[in-house]
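below: sequence and its predicted model.
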Amino acid sequence: MNLTVGIEEDNRNYTVKLTGEIDVYTATELKEKLLPLTEESNNYIQVDLENTNYLDSTGLGVFISAFKSAKEHQSYLELTNVRGRVLRLFEVTGLDEIIHIKEEPQDEEAN
């Protein structure tokens, strides 16, 4: 499976744009790119999941690690444009109560 991780930075504000699937095969790449951003203090990290169409438990583990690391280092992690099955996975596991999640603003789901 494929995952593209794009990172934009503007004065300690990071936007991480993910495209593809986050699973056992791609989670390592995501972890290697996301966790270092959370290990510095006073960073604001926004992970855009608009183009992420699949997430498994390995991917959830990466987000849990990133959330814990951000909190430990006084940084802030937020997930944006979360939709469909990916959003439901966060809801079913209760992680939507722990990690700040902004749902996709559209009323209709794509596919």
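That came through fine.

for the protein, what spans make up the helices?
27-38, 57-72, 84-93 (DSSP state H).

so which bits of the lengthiest strand in the chain are buried?
The longest strand of the chain (DSSP state E) is strand 44-55. By 16 or more other CB atoms under 10 Å, the buried positions in strand 44-55 come out as 44, 45, 46, 47, 48, 49, 50, 52, 53, 54, 55. From N, CA and C alone the C-beta is placed, and that goes for glycine too.

lowest-confidence entry in those?
Minimum pLDDT across the buried residues of strand 44-55 is recorded for residue 53, with 92.

who's in contact with that residue?
Residue 53 sits next to 20, 21, 84, 85, 86, 111 when contact means CB atoms under 8 Å, 6 or more residues apart in numbering.

of those residues, just the buried ones, ChimeraX syntax please.
The buried residues among these can be selected in ChimeraX (16+ other CB under 10 Å) with this line:
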select :20,21,84,86
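
re the thing from before, which among the helices of the chain is found nearest to residue 13?
helix 27-38 (10.5 Å; CB to CB).

still on that earlier bit, the longest strand of the chain: how far from the chain's middle?
Averaging C-alpha positions (CA atoms, centre = their mean, to the nearest Å) puts strand 44-55 5 Å from its chain's average.
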